[in-house]
Each structure stands twice: as C-alpha cells, then as structure tokens.
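Q: here is my input; please provide its structure:
(chains A and B)
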Amino acid sequence: MKLRLLLLWLAVGVPLAWGIAKTVQNALKLFH
Amino acid sequence: MAPGFFDRESTVAPPGYDRFLVPPAALAVHLAIGQAYAFSTFNLPLTKVLGITHAAADDWKLAEVGWTFSIAIVLLGLSAAVFGRWVERVGPRKAMFTAALCFSGGFMIAALGIHYHQIFLLYLGYGVLGGCGLGIGYIAPVSTLIKWFPDRPGMATGMAIMGFGGGALIAAPLSLRLMEHFRSTVSNGVLETFVTMGVMYFMFMMIGVIAVRVPADDWRPAGWTATEKPQQMVTRANVSVDVAWRTPQFWLLWGVLCMNVTAGIGVLGTASPMIQEIFPGRVTPEAAAGFVGLLSLFNMAGRFIWAAASDHLGRRTTYMIFFLFGIVLYSLLPSLGHLGSTGWFVAAFAVIISMYGGGFATIPAYLRDMFGPMNVGAIHGRLLTAWAVAGVLGPQLVNYIRQFQMERGIPRAQAYSVTLYLMCGILLVGFLCNLAMRPVEERHHFKPAGPGKSA
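A: Below is the predicted model of the structure:
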C-alpha cells in the first residue's frame, strides 16, 4: 500500500514539479 | 452478474484502504484537463498551418481560432450540468474513463481538422467533444473526494481542483517543446503535437481511472465522528439535485461563483497586454509572459491554500475575504499603476488571482455544507454553468471597455482603470449574494423512503 501511495504521488507530482520549475524559470524574467 | 471493471461496485475500497491514494487519482484527471488553460499556446501556430513560418492568405485568423477555447469552456459548463446526475450514478471510474475518451478524442478530431484544414472539425473536436471531457472530468472525482474526506472536504477538493490550475503549468512548456520537436519544412508541428498530446493525456488520465476508489457506505475516517455541535451553515441533511437547484441558496451560490470568476477571468485573459500597457517601456513582452506564469502559479496555489483554509475559516467567511479583499486590491491597482509601482502591482494581482482560484476550489465544499454530500457532484455540475457564463462575460467586458476607453482618446496606460473599478462592482454583487446566504429550509431536505412510504 505504501509503495502504491508513493508511486501514485510520484506519477502526478513529477510532471507537476517540472511544470512549476519551468513556470518559475519564466516568471523570473519579470524581475530581471 | 459480476460488476464490470468500470462499474461503481468494482471501485468500492476494501477495509483499511489508505484514503490518500484517492487525491492523486483525481489529480491525474485534473492535471490533464487543466491543459485547456494553456490552449493559447496553440493560437498563433494554428494561424500558420498552411504558411508554416508565416500566416498564408488561406490560413485561419486568430479570431476564428480563439473561438475553440470559448466553445470548450461553454461545453465544460453545459456538460457538467447535463451529465452531473449520470456521473453520480455510474461512479467516478466510468465517468473519468468517459472524460479521458472525450478529451483525447477531441485532440484527435481536432488534429484531423488541422490535417484537412477544416475549422469546424477543430471546434467539434477540441471545443465540443474536448469540452465534454473537461466538464465530466472536472466533476467526476469531486463527490468521491468529499466522501473520503468528510473531516476536510475543502482541502480534499482543493487538492484536485488545484490540478486543473496546475495542468496549464505542464501543458504550456510541453506544447512548446513538442511543436519545436515536430517542426519541419512541411509542418509547423501543431498537428503532430495534437496527436501526441491526445495519446499522452489518455494514458495519464488512465492512472486516475485505474486508481480511483469510492468508500464503502458505512466508512468513516478512523477516530472521526460527525460533530454533534450544530453548525448553522453546515447541514447534516441532504438535498436532492432536483430540489437544490430550485432553492435560493443554489442561485446565490451561482451568483457567488459567477461574480468571482467574471472578475478574475476577464483580467487574467488580458494580463500580458495589461501590464505592458500600464507600465510602458518598463515591462517587456518576455517579462509579461513571466507575469502570466506567476499568475498561473498563484492561481494553482490559491486553489489548495484557500480551500484548505476554508475548512477552518468556514466557507461563507472565506468568500467574504475573497470579495472584500478583492474589492480593496482591485481599487488599489489603478493607483499602483499611476505610481509606477510594478512590484506592488504584481503582488496585488497575484493575491487577486489566488482568490480567483480559491473560489473555484472552495465551491464544492460550500455546496456540501449547504446541500449535504448525497448529490453534491450533480449540484456542482449544474453550478458550473456559472463558469460558462463568466467565461464569456468576463473577457468580453474587459475587452469592450478597454476598446471603448481608447476610442474616446484615453491613454493606453489609463484605459484599464475603469475596467478595474468595474471589477470592484462585480465583486460587490458577489459579496451581497454571499451575505444573503442562509441554511436551506427543512422542507427541502431529502427524506429517505421508509417502509410503506414513498420518497
């Protein structure tokens, strides 16, 4: 159950984290 | 006959099931359909399908392409309203699977439209079929999450609806990368990107389809009992969907959602030109794109943070904060613009957009408080027609007023002031709707049919 919980959260968390990182990268241009 | 894989009976969780397995299933669907918010990344490429590097004479015009997103949002609201009861009846797995078929199928039909250069196929695919996928997918996990988290319904639905905001953060860079990858001398890559995204999103949504579970009817969180202390604005009864939508409370909440969304969506859609025109020469187009990205982050974060906070603050108080604080911030924006205070302007805008997102995410829990958990998914579906109306009303109001102001010779930098003050008025209407909220009268409560009685 714990492994399934980890895998599920990774499956949705990794793409979301990638999207957030890209957006933050873009947003930083506002302050340059 | 044994229930099939997609039937509700097959999704009932066994004893000891960890309820935190359910939010990622909901997130898988919402992160996928949240792609809709990033549809604008396709706008320009869709106007260069024939010309590839430039818009050819026969290429679609931007205004024509722009209708695709509007159709999708209107269909989102309509399909959520029409299919809400069906979603409740068949359960989340079948509904999420249907959403995956519609959403991915929409991409495929739209790709055909690009291939044959027939805009009606783009409208029919992404707009109509994809829009149905958006509506069904949006409401599918909501009532399931409310049943799994009766102790924290705001946090649970906030987590899923946060995914709808987060979906754009993934889709925007993903679409750009895919179009770059598929670009060639014979294609600008948008057709291949549509097909790839259709397949990818179908597979991603299937994670949710496979993982979702509903709790058994008698399941309660360990150690939790429904509070004995009566709370005025949290009912312990249920109201059926057919009765709920005839109550004043439904229409007041419809007004609350519609006003909150209208105020946010109108300025969100014009955020990039707005900041460039209010601060001419100081904010470049690249920086404006960064500003839009920052707003997307706050839109997403606000969904979770505000909805989770509403479990402690109460739903009515949370919306009071949205409306009152929103009025204060909107009324400050023109002055911040005149003062040239970019930092404060961005900060105020970010908070406003967090409350816009929070409004979406808190509404399912507000409905559950007013009408009980029995039909909350279907009632939520009907309430989303407010989003469809706001999706058309908000951008039209902002664009029309800006155009009107500029035609009267008002400088570009000041053309938004009236719009921003108008948003205060819209939020005031929402505030009054929220102020008028009262518990649903007892005569509307659902009475289960007892022996020898009819419901």
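Q: quick check: B:Gly281 is in a helix.
A: No - using DSSP: H, G, I helix; E, B strand; the rest coil, the secondary structure at B:Gly281 is coil, not a helix.
Q: for it, grab phi and psi.
A: phi 80, psi -10 (degrees, to the nearest 10).
Q: and the nearest residue to A:Ala11 once chain neighbours are set aside, what helix or strand is that in?
A: Nearest in space to A:Ala11, with sequence neighbours left out and distances taken as CB to CB, 6 or more residues apart in numbering or on different chains, is B:Ile207 at 5.5 Å. For the C-beta atoms, the positions are set from N, CA and C on the backbone; glycine is no exception. Using DSSP states H and E, B:Ile207 sits in helix B:190-211.
Q: roughly how far does A:Ala17 sit from B:Phe5?
A: 31 Å (CB to CB, to the nearest Å).
Q: re the thing from before, residues contacting the residue nearest to A:Ala11?
A: Taking CB atoms under 8 Å, 6 or more residues apart in numbering or on different chains, we find B:Ile207 in contact with A:Leu8, A:Ala11, A:Val12, B:Pro24, B:Ala25, B:Ala28.
Q: near chain B, which residues of chain A?
A: Proximity of chain A to chain B, by CB under 8 Å from any CB of the partner chain, involves residues A:1, A:4-5, A:8-9, A:11-13, A:15-16, A:18-20, A:22-24, A:26-32.
Q: sort out for me which of these are in strands.
A: Under the assignment DSSP state E, these contribute nothing to strands.
Q: in chain B, where is pLDDT below threshold?
A: For chain B, the stretches with pLDDT under 70 are B:1, B:227-230, B:450-455.
Q: in it, which spans are strands?
A: Read by DSSP E, chain B holds no strands at all.
Q: interface residues of it facing chain A?
A: Counting by CB under 8 Å from any CB, chain B sits next to chain A at B:17-18, B:20-21, B:24-25, B:27-28, B:31, B:163, B:166, B:169-174, B:204, B:207, B:211, B:283, B:286-291, B:293-294, B:296-297, B:346.
Q: quick one: which of the residues you listed sit in helices?
A: B:24-25, B:27-28, B:31, B:163, B:166, B:169-174, B:204, B:207, B:211, B:286-291, B:293-294, B:296-297, B:346 (DSSP state H).
Q: ok, back up a step: who has more neighbours, A:Ala17 and B:Phe5?
A: The neighbour comparison of A:Ala17 against B:Phe5 (other CB atoms under 10 Å in any protein chain shown) goes to A:Ala17, with 14 against 11.
Q: ok, that one - contacts?
A: Contacts of A:Ala17 by CB under 8 Å, 6+ apart: none found.
Q: per-residue pLDDT, it?
A: Note on A:Ala17: pLDDT of 95.
Q: which residues sit against stretch B:92-101?
A: So stretch B:92-101 is contacted by B:5-8, B:10-11, B:25, B:29, B:32-33, B:83, B:86-87, B:133-134, B:136-137, B:139-141, B:143-144, B:201-202, B:205-206, B:208-209, B:212, B:214 (CB under 8 Å, 6+ apart).
Q: report the distance from it to the chain centre.
A: 18 Å (CA atoms, centre = their mean, to the nearest Å).
Q: alpha carbons of it, as CSV, please.
A: Provided in CSV are the C-alpha atoms of stretch B:92-101 (Å, rounded to 0.1, in the frame of the first residue of the first chain):
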residue,chain,number,x,y,z
PRO,B,92,-16.1,8.1,-10.7
ARG,B,93,-14.3,5.3,-12.7
LYS,B,94,-16.7,5.2,-15.6
ALA,B,95,-17.0,9.0,-15.6
MET,B,96,-13.3,9.5,-15.6
PHE,B,97,-12.8,7.0,-18.4
THR,B,98,-15.5,8.8,-20.4
ALA,B,99,-13.7,12.1,-19.8
ALA,B,100,-10.4,10.5,-21.0
LEU,B,101,-12.1,9.3,-24.2
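Q: enumerate every residue touching B:His54.
A: Going by CB under 8 Å, 6+ apart, B:His54 touches B:Lys48.
Q: phi and psi next, for it.
A: The phi and psi values for B:His54, taken as degrees, to the nearest 10, are phi -140, psi 160.
Q: quick check on the ones in helices among the residues of chain B next to chain A: which are buried?
A: Burial by neighbour count, 16 or more other CB atoms under 10 Å in any protein chain shown: within those this picks out B:24-25, B:27-28, B:31, B:163, B:166, B:169-174, B:204, B:207, B:211, B:287-291, B:293-294, B:296-297, B:346.
Q: state the distance from the residue nearest the centre of chain A to B:Leu169.
A: Using CA atoms, centre = their mean, the residue of chain A that lies closest to the mean C-alpha position is A:Ala17, 0.6 Å off. Counting by CB to CB, the separation of A:Ala17 from B:Leu169 is 10 Å.
Q: next: B:Phe69.
A: B:Phe69 sits 17 Å away from B:Leu169, taking CB to CB as the criterion.
Q: please parse chain B into its domains.
A: Domain ranges of chain B: B:8-211, B:241-440, per automatic domain parsing.
Q: same list, these, but as CSV with distance to B:Gly223 please.
A: Putting the domains of chain B into CSV (distance: least, CB to CB, whole Å) gives the following:
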stretch, distance to B:Gly223
domain B:8-211, 9
domain B:241-440, 17
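Q: all helices of the stretch 201-350 of chain B, in order?
A: Counting by DSSP state H, counting those that start in this stretch, the stretch 201-350 of chain B has helices at residues B:241-244, B:248-269, B:271-278, B:285-313, B:315-339, B:342-371.
Q: can you check the stretch 1-150 of chain B too?
A: Counting by DSSP H, counting those that start in this stretch, the stretch 1-150 of chain B has helices at residues B:22-33, B:43-46, B:62-90, B:92-116, B:119-122, B:130-139, B:142-148.
Q: possible to save these as a markdown table with distance to B:Gly154?
A: Shown next, in a markdown table, are the helices of the stretch 1-150 of chain B (distance: least, CB to CB, whole Å):
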| stretch | distance to B:Gly154 |
| --- | --- |
| helix B:22-33 | 13 |
| helix B:43-46 | 35 |
| helix B:62-90 | 20 |
| helix B:92-116 | 19 |
| helix B:119-122 | 37 |
| helix B:130-139 | 17 |
| helix B:142-148 | 10 |
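Q: give me the neighbour count for B:Ala271.
A: Neighbours of B:Ala271 (other CB under 10 Å): 18.
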